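Colleague: below: sequence and its predicted model.
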Amino acid sequence: MPDPFDSILYKYIYCTLSSTGDAECVGTGLFGGGLLPASLDWLAFVLTAVIIVAAVVNGVLGGVLMMIWGERRLLGRFQGRTGPNRWGPFGLLTPVADAVKTMFKEDVVPTVSDRMVFTVAPILMLFPALLIYAVLPFGSGTWLADINVALLFIIAIGGGNVLAIVAAAWGSGNRYAMFSAMRAVAMLISYEIPLVISLIGVLMLSGSLSLVAIVNAQTIPFFIVQPLGFFVFLVASMAELNRTPFDVAEAESEIVAGYMTDYSSMKFGLFFLSEFAATIATSGVITAVFLGGWHGFDPIPSQLWFVGKMVIVLSVIVWVRASWPRMRIDQIMSFAWKALFELTLINLVVSGLLVLAWPSLSTTELWYMAGINWVVFLASIYIFGKVLGPKHDPRRAGNIQDATLSRSDAPAIPAGGAD
Amino acid sequence: MPLSTQPITINVGPQHPSTHGVFRMRVTFDGEQIVDVEPIFGYLHRGSEKLAESRTYTQVVTLTDRMDYVASMTNNQSYILSVEKLAGIEPAERGVWLRMIAAELQRIASHLVATGFFLQDLGALGTPLIYMMREREQILELFERLCGARITNSYMRPGGVFMDAPDDFWPALDRFMAEMPHRIDEYEDLISGNEIVAARCDGVAVVDSQTLIDASVTGPMLRASGVDWDLRHRQPYEYYDRVTFNRPLATASDNYARYIVRIHEMRESLGIIKQCLEQIEPGPVRPEEVPALIRPPVGDSYVGTECPKGELGFYLVSDGGVAPYRCKVRAPSLINLTLLREMLIGDKMADLFVTFGSIDINMGEVDR
Amino acid sequence: MVYGIGLAKGMGVTLKTILRPSFTVQYPDRRVGLMGAAKAYGLSTPGLIFKRPVKAVRAVLGFERIEVRPTQAARFRGNEFTWYEDRCTGCASCAKYCPLGIIKIVTLPGGINVQEGESYAIDTFDIDTGRCMFCALCVEACPYDALHMGSSFERGNYQRMDLVLSKDDLIAQPKNPSTWYRPQMEEQEYSPFRETLDDFKKAGRHEMPSVESLTKRWVEDRKTDEAVDD
């Protein structure tokens, strides 16, 4: 069982408040420690938890605000335009304007709907997104809780958004919404499997499900050692987040806003918030599991390394959003079941054999594994592309390059028949 | 135990982000598959043809601008050719060259709009659209230099154009023409090879060429099925017989083919403009001031021209007065739209707007 | 299922775009940084820091904004009209030629026009810019070059009746005629953004072909052409 005192937040706050004289608390804590009498030790524990949770939740919300600004700015720059820069210096107060606008709108509830389900749906969407932050390690010694089944916790909670989408569509009583919910449920359930199996490779390398242990086991970042797992996890998590190219659930140009069509004001604000919170949380998980967490060079604190790597992952997600169109639902499903699932199984088998061959997992052995895994990665992408890809290049199949570009000095039908 | 299912009818209403104007469809779905489509239009009807009966021939030019509001110059050109044929006016040479340059620039602008919104409906979230709007912005600035207005130009008059291009137009045009081929290459890099675009558009909404000819569909839709029919080549008007250009053809006749035909047509238009620039001579742009009130002799005329969406033609009937007795517009968007039901049945919901975008409809022209 | 090369190329294009400057034209004002503020005020960067320190701090923090005037062509048909009352004779050609019929002219006999001699006295000359489509056929129709299109487009108003330009409004407002259908103005190198043309004598006249030559071309020559065709 991991020691709660490993978390420096916990250590400082608890030692400030409690006066039980814990061995760990010697010399730490503000004001010499011991603000509460010893009989109220349980209160110290509870207050510590509340303070840390409040800090993390506010940090998350602040991060969501930053992401709203960052995504819109970055999307604008990818498209060649500036992005919002009016409110506040460099447009930094734009999310505040967004939030104020959202709160001031009228909360319209359609008549044909199930009121309770309608109201509960956005809350159902938000909770899983916020709960993931409980186990994310933001830096060395900076986390809220270090449970030894952290990855399992994340996967289990991440499935909650499926229920929220169906609840939202059902509560709206809207045909467009039901369309999008059906698509979304099929897609989300299908992509959970590659998501989970790609993590098993990492699990084999680190020996523990706890995120802190995984980060500590990364003497070289795991995206070098397990490129196939990284690729599959990245793609599957973009699908889980309903982001382009998998955003059929909220395909703007077809079904207006999908399951969110009938929501207005703060309920819509909660959906919006939960989408961004989930995105940041997922990129945090990717950073911790594959990119080496908080490891980095010394003068820069580890928290900043973690946040920096998270920002890079978020930028890649926004970059993909700016570049590619959306896939059709049947293509998404076939991609999940025909390509990603097989790739994860290949990854699983190969990783298992490699760990069997070199069980001691020292750094040089990790480099050998990395070499073999990269060869497997490139070969399987190539083979799958050949087997499942389009059978002809549409630019060539009876199309422009082959057909003649008829020249206009060919004999024309004589003019003058235009009466 | 078989599951009983029921098809569902959805009203893709006049207010929708992707209907290129106000267009309504009642679509019946069986799951994700389209079973029936009933298009309903007329929401943008403004009575242009009736209004034309009470305006003089020059005033009707302002009405024609607003029919296909994305491609006003080609609308003007088609109407003016019909008036010139009716009244027997011989246009001035420089005026004709300027008309051709304006029409080809407008063709590029219209194809940029069509392709950009086609990709927007595919879900590309605006990146190709913004790039194409950036280029279209340059074309509209050229039009502003030329005739004072960006979209509803009213640039052409019977006999030529109303005014010669200013001196600062030609260097701006040269700058645009130097940059545009690289931009088109950039679009091809971004979109044409993209596997997701290919997977979504390839083999979707295939129509064979005989059906298209039977339904009198013209324009890039027809050329994407392999039929070499371009009115600038078959029934040359203005000076299109003095320039050489290719007509891109494709044989697949699916959404992807229609998109790629438009991209290549943009390149051809640039070539035509270059040839016009080589052949244009200084001179008057209108034969000595055509009178403001033209009274053509009794008769009728029809001239069909190749506008970016197909064959646009104005059938004008004159009774000797200052206003046309009847002005009937052969709108290509309306004729191309009649095949929508055949193209959509059997495809999925996600292909609904993609197909609709690839036909390239403008509701101002459909409803007039 | 996907090859991946086309997708990577697409991402390469977006990456190339982010490295280029953005093409947004900001209006009505744009934010400037330290060096941009210095250039806008005509100082060097150290000069700005020493002479206008408050502005320098605001520029660094991102609060400083400079007004922007978007570029327009000289022929731009703006949302206003320029009318030289000394040239107008009240012939109402513009009102007749307007497709929408929004020009209202009421005249009384007995006016004197500076250039043409006898003319009408103009009592009312209203143009309803709320309904106008700025096609400028009225400008094309005016035989005395009295009516021109204007160049301004920032003419929003709170009530529709304020959009009707009456005779006094047309006389009082600054005159920046656009060069649409006025080739003589382009020849005299007039630009509506550099100068206003308050004096009608400075705005040239468009020499139209004479009535005799027009009659010869369009009436007599056509009769012979039709005789040949028949």
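Modeller: That came through fine. Residues are numbered from 1 along each chain as shown, chains lettered A, B, ... in the order given.
Colleague: any stretches of chain A with poor pLDDT?
Modeller: Counting by pLDDT under 70, chain A contains low-confidence residues at A:1-2, A:19-24, A:26-34, A:112, A:250-257, A:390-419.
Colleague: quick check, the residue in it closest to chain C?
Modeller: Nearest to chain C in chain A, going by CB to the nearest CB, is residue A:89, at a distance of 2.7 Å. Glycine gets a C-beta too; all of them are placed from N, C-alpha and C.
Colleague: distance of the nearest residue to that residue once chain neighbours are set aside from residue A:276?
Modeller: Once flanking residues are discounted, residue A:89 sits nearest to residue C:62: 2.7 Å by CB to CB, 6 or more residues apart in numbering or on different chains. In this view, residue C:62 and residue A:276 are 24 Å apart by CB to CB, to the nearest Å.
Colleague: quick one: which of the two has more around it?
Modeller: More crowded of residue C:62 and residue A:276, by other CB atoms under 10 Å in any protein chain shown: residue A:276, with 24 against 16.
Colleague: who's in contact with residue B:31?
Modeller: residue B:5 (CB atoms under 8 Å, 6 or more residues apart in numbering or on different chains).
Colleague: mind checking pLDDT for it?
Modeller: We note a pLDDT of 74 for residue B:31 in this prediction.
Colleague: mind listing the strands for the chain?
Modeller: All of this refers to chain A. Per DSSP state E, chain A carries strands over the ranges A:406-407.
Colleague: actually, chain C is the one I wanted.
Modeller: Ranges of strands in chain C, per DSSP E, are C:29-31, C:65-67, C:81-83, C:103-113, C:117-128, C:147-149, C:164-165.
Colleague: want to throw the ones you listed into JSON lines with distance to residue B:2 and mean pLDDT?
Modeller: JSON lines is the format used below for the strands of chain C (distance: least, CB to CB, whole Å; pLDDT from 0 to 100):
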{"stretch": "strand C:29-31", "distance to residue B:2": "65", "mean pLDDT": "78"}
{"stretch": "strand C:65-67", "distance to residue B:2": "68", "mean pLDDT": "80"}
{"stretch": "strand C:81-83", "distance to residue B:2": "73", "mean pLDDT": "87"}
{"stretch": "strand C:103-113", "distance to residue B:2": "73", "mean pLDDT": "83"}
{"stretch": "strand C:117-128", "distance to residue B:2": "68", "mean pLDDT": "84"}
{"stretch": "strand C:147-149", "distance to residue B:2": "71", "mean pLDDT": "87"}
{"stretch": "strand C:164-165", "distance to residue B:2": "71", "mean pLDDT": "89"}
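Colleague: mean neighbour count and distance to chain A for these - can I get that in TSV?
Modeller: Formatted as TSV, the strands of chain C follow (neighbours: other CB atoms under 10 Å in any protein chain shown; distance: least, CB to the nearest CB, whole Å):
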stretch	mean neighbour count	distance to chain A
strand C:29-31	16	6
strand C:65-67	14	9
strand C:81-83	26	33
strand C:103-113	15	38
strand C:117-128	17	34
strand C:147-149	26	31
strand C:164-165	19	33
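Colleague: and residue 42, how many neighbours?
Modeller: Going with chain A. Around residue A:42 there are 10 residues (other CB under 10 Å).
Colleague: actually chain C
Modeller: By other CB under 10 Å, the residues close to residue C:42 number 8.
Colleague: looking at it now. What's its pLDDT?
Modeller: The model reports residue C:42 with a pLDDT of 77.
Colleague: quick check: the closest residue to residue B:150 other than its chain neighbours vs residue B:69, distance?
Modeller: Nearest non-adjacent residue to residue B:150, counting by CB to CB, 6+ apart: residue B:140, 4.1 Å away. Residue B:140 sits 12 Å away from residue B:69, going by CB to CB.
Colleague: repeat that for residue B:155.
Modeller: In this view, residue B:155 and residue B:69 are 14 Å apart by CB to CB.
Colleague: also residue A:17?
Modeller: Residue A:17 is 70 Å from residue B:69, by CB to CB.
Colleague: same question, residue A:150
Modeller: 58 Å.
Colleague: identify the residues contacting residue 153.
Modeller: Using chain A. A:135, A:147.
Colleague: chain B, not that one
Modeller: By CB under 8 Å, 6+ apart, residue B:153 lies in contact with B:65, B:72, B:73, B:76, B:102, B:143, B:147.
Colleague: among these, which are located in helices?
Modeller: Those of the contacts of residue B:153 mapping onto helices are B:65, B:72, B:73, B:76, B:102, B:143, B:147, per DSSP state H.
Colleague: is the longest helix along chain A anywhere near chain C?
Modeller: Longest helix in chain A by number of residues (criterion: DSSP H): helix A:41-78. Yes: residues of helix A:41-78 contacting chain C under CB under 8 Å from any CB of the partner chain: A:74, A:76, A:77, A:78.
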